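[1] Fold the following, please.
(one chain, ligands or ions: 2)
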Amino acid sequence: MAMRIASTNLIVPSSSLISRLSQFSGVMVIRNRRFSFSASKISMSLKAGIVGLPNVGKSTLFNAVVENGKAQAANFPFCTIEPNVGIVAVPDPRLHVLSDLSKSQRVVPASIEFVDIAGLVKGASQGEGLGNKFLTHIRQVDSILQVVRCFEDNDIVHVNGVIDPKSDIDVINLELVFSDLEQIEKRLEKLKKGKAKDSQSKLKEEAEKKALESIQSALMDGRPARSIPLSDFEKDSIKHLSLLTMKPVIYVANVAESDLAAPEENPHVNEVMKLASDLQSGLVTISAQVESELTELPHEERTEYLKSLGVSESVLGNLIRATYSLLGLRTYFTSGEKETKAWTILAGMTAPQAAGVIHSDFEKGFIRAETVSYDDFVAAGSLAVAREKGLLRSEGKDYVVQEGDVMLFRFNV
Ligand SMILES: Nc1ncnc2c1ncn2[C@@H]1O[C@H](COP(=O)(O)OP(=O)(O)OP(=O)(O)O)[C@@H](O)[C@H]1O
Ligand SMILES: [Mg+2]
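    Ligands and ions are numbered 1, 2, ... in the order given. Sure, this is the predicted structure:
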């Protein structure tokens, strides 16, 4: 990372400092499993929970995702935290393009955490199965991947005896709805007592009450909390409840290998597709079984195997990327000889906040950011040429960082 010194009051981090900082933040991700946005007090965890009925392919998908994540990240501090929690690299072809142009010694991708949650059954919210414990696990994630069985296989038991995506999705959603309703009732009871001391907390409690009442009536109609439009203030006021149906969902239609080439011919997939759109959620069609077998094959045999199934590429990367953008996450890059690195921010973050992801000092002492779009960087071929051509812009503290920006920060400590 080369930085030009513009004046003496600028402390310009040497490449070794930058590299230490980035390693440090890599460790932070693992230890705390959280990115903290210091001064802006935005704390963001990147957890996606894999849920579904028992025996639908959750663990098979989890294992494939985690193995793939390892493969994507040659130099990434990947680790499995517990047997059912894994940090996975977010595949991004732009990283390698930038790294080649900058002749970087290493590439560090963005990451996301996947959690394999045990099967949920009807009655979970009443403690059926290992119900409440699983619901607690779901409460801790930021987004949900709901695996729906769309493959027929008489040897693999379906808990309800038949493959029926609508009923499977309903069972899971109903448990989430029941659990949210219970939380909301308890909370509204408390709010009735109106313990707010000052006018600010009174306002917040009122916003919370209003939001919870609208959510409550949606839930009674079987609609998820996320379907209710809320103001930022209202959203903030109910955040502490971590409502399950507030979390964004991607439905994962898990199909047989024989369906991979033409999934639209499988009526179960069509049903999931329709439900996903009714429930304002995403959809990815995948064969967890095939993906998990792929991760065990040497690279050179993978394409051949996929070809034999009538498809050209693995969709795991798409699933990981879809999960990442579902969380409202965006990527900006730093790119130099030492390394090319993808940094994760929330959509709408300003340059100082984005700088704070690297180190809080970058945010506190932020002066300016030099930034160039990914496309312009690639067209120019290097930061130096981008600067010569006037493509490298100097932006101040109000600049909202755009997806794919390549950035340099100037700061003062
Ligand atoms: N797309 C698929 N096609 C065929 N078989 C599959 C597919 N996906 C998973 N399976 C098989 O289904 C069985 C159950 O898979 P898995 O153990 O991943 O389910 P699970 O949802 O994790 O179950 P549990 O809730 O019990 O943990 C396994 O034998 C697995 O190989
Ligand atoms: Mg499992």
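[2] for ligand 2, what are the nearby residues on the chain?
    Applying C-beta under 5 Å from the ion, one finds that the chain approaches ligand 2 through 58-59. Glycine gets a C-beta too; all of them are placed from N, C-alpha and C.
[3] So Glu205 belongs to a helix, correct?
    Yes. When DSSP: H, G, I helix; E, B strand; the rest coil is applied, Glu205 is found to be in a helix.
[4] okay, now it: neighbour count?
    Using other C-beta atoms under 10 Å, Glu205 has 16 other residues around it.
[5] biggest helix in the protein, by residue count?
    helix 165-192 (DSSP state H).
[6] ok now it, how far from the chain's centre?
    Taking the mean C-alpha point of helix 165-192 and that of its whole chain, the gap between them comes to 23 Å (C-alpha atoms, centre = their mean, to the nearest Å).
[7] where does the stretch 251-400 of the chain have low pLDDT?
    Flagging of the stretch 251-400 of the chain using pLDDT under 70 yields an empty set of residue ranges.
[8] What does whichever residue of it sits closest to ligand 2 show for phi and psi?
    Of all residues in the stretch 251-400 of the chain, the one sitting closest to ligand 2 is Ala288 (10.7 Å; C-beta to the ion). The main-chain torsion angles of Ala288 are listed as degrees, to the nearest 10 and equal phi -60, psi -40.
[9] you'd agree it is up against Leu61?
    Yes. Contact between Ala288 and Leu61 holds when scored by C-beta atoms under 8 Å: they sit 4.0 Å apart.
[10] joint contacts of these two?
    Shared contacts of Ala288 and Leu61 (C-beta atoms under 8 Å, 6 or more residues apart in numbering): 147, 252, 254.
[11] Highest neighbour count among those residues?
    With neighbours set by other C-beta under 10 Å, the maximum within the shared contacts of Ala288 and Leu61 is found at Val252, which has 30 neighbours.
[12] Give me the secondary structure label for the closest residue to Arg387 other than its chain neighbours.
    The shortest distance from Arg387 to any residue other than its chain neighbours is 7.9 Å, reached at Glu370 (C-beta to C-beta, 6 or more residues apart in numbering). For Glu370, the secondary structure call by three-state DSSP comes out as strand.
[13] out of the shared contacts of Ala288 and Leu61, who's nearest ligand 1?
    Taking C-beta to the nearest ligand atom as the measure, ligand 1 lies nearest Asn254 of the shared contacts of Ala288 and Leu61, at 4.7 Å.
[14] quick one, what contacts that closest one?
    Taking C-beta under 8 Å, 6+ apart, we find Asn254 in contact with 56-57, 61, 147-151, 286-288.
[15] Make JSON lines from those and add secondary structure to it.
    Shown next, in JSON lines, are the contacts of Asn254 (three-state DSSP):
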{"residue": "Val56", "secondary structure": "coil"}
{"residue": "Gly57", "secondary structure": "coil"}
{"residue": "Leu61", "secondary structure": "helix"}
{"residue": "Val147", "secondary structure": "strand"}
{"residue": "Val148", "secondary structure": "strand"}
{"residue": "Arg149", "secondary structure": "strand"}
{"residue": "Cys150", "secondary structure": "coil"}
{"residue": "Phe151", "secondary structure": "coil"}
{"residue": "Ile286", "secondary structure": "strand"}
{"residue": "Ser287", "secondary structure": "coil"}
{"residue": "Ala288", "secondary structure": "helix"}
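[16] Identify, from those residues, the entry nearest to Ser217.
    Compare each of the contacts of Asn254 with Ser217 using C-beta to C-beta and the shortest gap goes to Val148, at 27.3 Å.
[17] returning to what we had before: what about burial for the contacts of Asn254, which qualify?
    Those of the contacts of Asn254 that meet the buried threshold are 56-57, 61, 147-151, 286-288, by 16 or more other C-beta atoms under 10 Å.
[18] Identify, from these, the entry nearest to Leu181.
    Of all the buried ones among the contacts of Asn254, the one sitting nearest Leu181 is Val148; the distance, using C-beta to C-beta, is 23.3 Å.
[19] How is the residue nearest to Tyr374 when sequence neighbours are not counted assigned, secondary-structure-wise?
    In space, Tyr374 comes closest to Gly404 once its chain neighbours are excluded; the distance is 3.7 Å by C-beta to C-beta, 6+ apart. Following three-state DSSP, the label given to Gly404 is coil.
[20] residue contacts, Gly404?
    Taking C-beta under 8 Å, 6+ apart as the definition, contacts of Gly404 comprise 94, 331-333, 373-375.
[21] re earlier: Ala369 versus the residue of the stretch 251-400 of the chain closest to ligand 2, what's the distance?
    Taking C-beta to C-beta, to the nearest Å as the criterion, Ala288 is separated from Ala369 by 42 Å.
[22] Which stretches in the stretch 251-400 of the chain count as strands?
    Counting by DSSP state E, counting those that start in this stretch, the segments of the stretch 251-400 of the chain that form strands are 282-286, 329-335, 339-346, 366-372, 393-395.
[23] got those as TSV, with distance to Thr323 columns?
    Supplementary listing: the strands of the stretch 251-400 of the chain in TSV, determined by distance: least, C-beta to C-beta, whole Å:
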stretch	distance to Thr323
strand 282-286	9
strand 329-335	9
strand 339-346	12
strand 366-372	27
strand 393-395	29
